[in-house]
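Undergrad: I would like to see how this sequence folds:
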Amino acid sequence: MKALRYHGPRDIRHEAMDDPVLLTDRDAIVKMHACSICGSDLHIYHGQGFSDDLGFCVGHEAIGEVVEIGRGVSRVRVGDRVMMPASVGCGDCISCLGGNVLGCKFGLGACYGLSAHLQGNQSEWFRVPAADMNAVPIPEGISGDQALMMTDALATAWFGARQADIRPGASVGVIGLGPIGLMAVQSAFVMGATVVYAIDPIAARRALAVDAGAITLHPDEALETIRDATGGRKLDCVVEVVGGDATVDLALRLVRRRGTVSVIGVQQSRRYAFPLERAFAAGLTFRIGTCSVHEELPTLFPLVQSGRMTPERYISHRLPLSQGAEAYRLFDERANGALKMVLTAD
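TA: Model prediction:
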């Protein structure tokens, strides 16, 4: 088969790779219909990944069709149209079965495409472990594009907003307006926010947030503008979607006393000088972490089916898998309005 394989910084190649095989009787093989590039994939692309491995297949967002199952698979069938949550659970323990793969009793929580340990799904076919849990049939009323966005991006956006304690009537800030940040803006309004400030240096991305109902600001003007607009009180909740020291610091400065900051941006530095004394004095709640996609899907399915959440609107490009290297380049350079890059089977 052909797959996108990582060979070093900014070196993603579309090349041959061994076909996946069933490793246990609980596995399934899925034929990829569409996959997409996540912002966290750029960390790997830049050579700041999660492993020293080379030659592994990247990617953790995909939809497709089940083409083979092991003898122990009972909930999905060959021919099923499925989506693969980026977070992979063991399918056995109480935590995973409840949706929280990060709390896997056996330490088997994983993510596709971070190393050779579990190959990614930017490929023609891929293996899904514990398929009864990790290959999720796409419900009626949800398109392929919507399902693809729900495999990670929308679920992470919703998780970030939920972790920010957004309540009806809240004032909210969202820092970083890539696809996840834009969907966090949508999520905040669905949760009842009365005002959302959307902050990003790129004008085109701010324009998309305006379309979603937000007040948009450049980072350089955000603190002063929000302080003036709120009479110094600042915001109830802030969602940070970048993962940089400067943006985390801005989030902490934008939130009011006893407010909440939720950080879901993948961290770009190994150490951050957290302003502990200031946070303590203000009584802040600070949450940081990654999303367990399975945990968010039961809430998101009806929101997407009803049209209250429209994640597909943030797909900007569609290219065949064979042009995956070019897709990574465009996404990395934010060229031609790049937001969510979708790759389709050739």
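
Undergrad: only C-alpha atoms for contact and neighbour calcs from this point on.
TA: Will do.

Undergrad: buried stuff in stretch 266-276?
TA: By neighbour count with 16 or more other CA atoms under 10 Å, stretch 266-276 contains the buried residues 266-267.

Undergrad: what's that stretch in contact with?
TA: Stretch 266-276 is contacted by residues 40, 241-245 when judged by CA atoms under 8 Å, 6 or more residues apart in numbering.

Undergrad: which one of the residues you listed sits closest to residue 314?
TA: Using CA to CA, residue 241 is the member of the contacts of stretch 266-276 that lies nearest residue 314, at 15.6 Å.

Undergrad: next, count neighbours for the closest one.
TA: Neighbour count for residue 241, taken as other CA atoms under 10 Å: 27.

Undergrad: and what of residue 281?
TA: The number of residues packed near residue 281 is 10, by other CA under 10 Å.

Undergrad: assign a three-state SS to it, would you?
TA: helix (DSSP: H, G, I helix; E, B strand; the rest coil).

Undergrad: what helices or strands is the helix or strand that residue 249 is a member of leaning on?
TA: Assigned by DSSP states H and E, residue 249 belongs to helix 245-254. Here helix 245-254 touches strand 171-175, helix 219-229, strand 235-240, strand 255-263, going by 3 or more CA pairs under 8 Å, 6 or more residues apart in numbering; DSSP states H and E.

Undergrad: the second one versus strand 255-263: what angle between them?
TA: Translated: helix 219-229. 140 degrees (axes from the mean of the first three to the mean of the last three CA atoms, to 10 degrees).

Undergrad: off-centre distance for helix 219-229?
TA: 27 Å (CA atoms, centre = their mean, to the nearest Å).

Undergrad: and the contacts of that helix?
TA: Residues outside helix 219-229 that contact it (CA under 8 Å, 6+ apart) are 199-201, 232-235, 250, 253-254.

Undergrad: among these, name the buried ones.
TA: Applying 16+ other CA under 10 Å to those, the neighbour count classes 199-200, 234-235, 250, 253-254 as buried.

Undergrad: quick check, nearest of the residues you listed to residue 277?
TA: Using CA to CA, residue 253 comes nearest to residue 277 of those, at 13.0 Å.

Undergrad: in space, what's closest to that closest one - neighbours in sequence excluded?
TA: residue 223 (7.3 Å; CA to CA, 6 or more residues apart in numbering).

Undergrad: residues near that neighbour, how many?
TA: Neighbours of residue 223 (other CA under 10 Å): 19.

Undergrad: where does it land on pLDDT?
TA: Reported pLDDT at residue 223 in the predicted model: 98.

Undergrad: buried stuff in the helix holding residue 249?
TA: Neighbour counts over helix 245-254 (16+ other CA under 10 Å) mark 245, 247-248, 250-254 as buried.

Undergrad: could the contacts of stretch 266-276 go into TSV alongside pLDDT and distance to residue 274?
TA: What follows is the contacts of stretch 266-276, written out as TSV (pLDDT from 0 to 100; distance: CA to CA, whole Å):
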residue	pLDDT	distance to residue 274
40	91	23
241	97	17
242	95	16
243	91	13
244	92	12
245	93	9
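
Undergrad: which of the residues you listed sits closest to residue 300?
TA: Nearest to residue 300 among the contacts of stretch 266-276: residue 241, at 19.3 Å, using CA to CA.

Undergrad: hmm, residue 180 and that closest one touching each other?
TA: Yes: applying CA atoms under 8 Å, one finds residue 241 in contact with residue 180, separated by 7.2 Å.
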